[in-house]
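*Asks:* just coords:
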């Protein structure tokens, strides 16, 4: 009986610690995600200053940059750029 009680107490304390960690970490993860999205949008907005040759070197065009920035704020704008670049690399899209 003592062993079963020890395991039960240990499992219960582990569950409490798990929930405590999640409740304290989840808001921080949300703030970090918002900051990353904001930072990514600033970097992509600065890519508007690139000339057409520079964008073509990385497999993008101006429309790709504008499409990425028009996405909802909670969406990752880099995902749109990666998809556009991959289509260009595979030859599915031409300029």
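*Replies:* Received it, and whenever you're ready, just let me know what you need. Computed from a predicted structure; not experimentally measured.
*Asks:* just give me the neighbour total for residue 82.
*Replies:* Here the neighbour count serves as a burial measure; for residue 82 (other C-beta atoms under 10 Å) it reads 14. In short, each C-beta sits where N, CA and C put it, glycine included.
*Asks:* what score does it have for pLDDT?
*Replies:* At residue 82, the predicted lDDT confidence score is 88.
*Asks:* mind checking how far it is from residue 27?
*Replies:* Distance from residue 82 to residue 27, counting by C-beta to C-beta, to the nearest Å: 28 Å.
*Asks:* do the same with residue 63
*Replies:* Taken as C-beta to C-beta, the spacing of residue 63 relative to residue 27 amounts to 37 Å.
*Asks:* do residue 74 as well
*Replies:* For residue 74, the distance to residue 27 equals 16 Å [C-beta to C-beta].
*Asks:* low-confidence ranges in this structure?
*Replies:* By pLDDT under 70, the weakly predicted segments of the chain are 1-26, 88-95.
*Asks:* now do the helices in this structure.
*Replies:* 2-46, 52-57, 62-70, 77-89 (DSSP state H).
*Asks:* list of residues touching the last one?
*Replies:* Applying C-beta atoms under 8 Å, 6 or more residues apart in numbering, the external contacts of helix 77-89 come out as 37, 40-41, 44, 58-60, 64-65, 67-69, 71, 93.
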